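[1] Based on what follows, work out the 3D shape:
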Amino acid sequence: MPASLRWPSRDGPDRLVPRAFSPWSPMILEGVVTTVSPEGTVNVAPMGPLVPADGPLERFSLRPFRTARTYANLKAHGEGVLHVTDDVLLLARAALGPVEAPLQPATHVRGWVLRDSCRYYEFRVTACDDRQERARFEVEVVHAGWVRDFFGFNRAKHAVLEAAILATRLELLPLADVEAEFRKFAVVVEKTGGAPEREALALLQAHLDRALAR
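    As a prediction, this is how the structure comes out:
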C-alpha cells in the first residue's frame, strides 16, 4: 500500500496498565466484534485486534477509539465476542455504520454470536488503559466456538477488506489516492469475486463517491 495510505498515528505509543499480560509477539487479525450496551443493544463492529502471532488465541488486545460504541460498551460491560469471518459483505456494511445480522446468545458471557461467522471467541476484559484517544483493552478468551469452515484465500475478499479499511479513513487520507486504490480493487473483484464481493465493493464505492462529491 502506498505510504500516503498508511494509517496515520493519532495517539502515540500504546500504553499498558501494570496488570496487563506479559509481552508476546503480536499480529493484527481482522475480525468483527459484538458488544452490548447497558440498554441491551447489540453493536456489530469491524475491528483488528492484536493477537498472538503463534500459539492458541487465549488472550488479545482491542484498541477502539474512545469515541467508538465498542469502547463505551466495553467500559460499561467488559464482555463481548470476537468473530473470524469471510463474509466481506458484512464487514463492508459494518464499516459504514450500524448493521443488523443474525445472532445467537453467547454461552459464557452476556453477549451475542454472529450465526454466520467461521469461528468465534467469547471474552472478558481484564485490563484497560484509556488515557489516550485510542484505548487499549486486554481481554482473555473464556470460550471458543466453531460455526463453519473458512472459505480460504481469495483476492476479491481481501480487496474488499482493504477497501473497507480505507472507507473508514476518508477524513484522514488523500481522497485521490483512495480513489486510485479503489480502481485497483475493482479489477480484482471483477476477476476473482462473486456476487457478495461485488455488492460489498459497490457499497464502499458509493460511500467514497459521496465523499468525493462534497
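
[2] Within the sheet, what are the partner strands of the worst-scoring helix or strand of the chain on mean pLDDT, with directions?
    When the helices and strands of the chain are scored by mean pLDDT, DSSP states H and E, strand 26-28 comes last with a mean of 92. The strands beside strand 26-28 in its sheet (DSSP bridges) come out as strand 50-52 (antiparallel).

[3] List of residues touching the partner strand?
    24-29, 57-61, 63 (CB atoms under 8 Å, 6 or more residues apart in numbering). Using the backbone N, CA and C atoms, a C-beta is placed for each residue, glycine as well.

[4] And E58, its phi and psi?
    phi -110, psi -20 (degrees, to the nearest 10).

[5] Next up, the contacts around the residue lying closest to it once chain neighbours are set aside.
    Nearest residue to E58, sequence neighbours excluded (CB to CB, 6 or more residues apart in numbering): V141, at 5.3 Å. Shown in contact with V141 (CB under 8 Å, 6+ apart): 57-60, 121-123.

[6] tell me which element V141 falls in.
    According to DSSP states H and E, V141 maps onto strand 136-146.

[7] Tell me how far that strand lies from the chain's centre.
    Put simply, strand 136-146 sits 15 Å off its chain's centre (CA atoms, centre = their mean, to the nearest Å).

[8] Please apply the same query to stretch 160-179.
    15 Å.

[9] quick one: average pLDDT of it?
    Averaged across stretch 160-179, pLDDT comes to 97.

[10] Quote the end-to-end distance of it.
    Stretch 160-179 has an end-to-end distance of 14 Å (criterion: CA to CA, to the nearest Å).

[11] So for it, what gets flagged as buried?
    160-168, 170, 173, 178 (16 or more other CB atoms under 10 Å).

[12] From those residues, which land in helices?
    Among these, DSSP state H puts 160-167, 178 in helices.

[13] Out of those, flag the one nearest to K75.
    I165 (24.5 Å; CB to CB).

[14] Tell me which residues touch the most centrally placed residue in the chain, please.
    Geometric centre of the chain, nearest residue: M47, 1.9 Å, by CA atoms, centre = their mean. Neighbour list for M47: 31-33, 62, 64, 70, 82 [criterion: CB under 8 Å, 6+ apart].

[15] what bridges to it?
    As for beta bridges, M47 partners with G31 under DSSP bridges.
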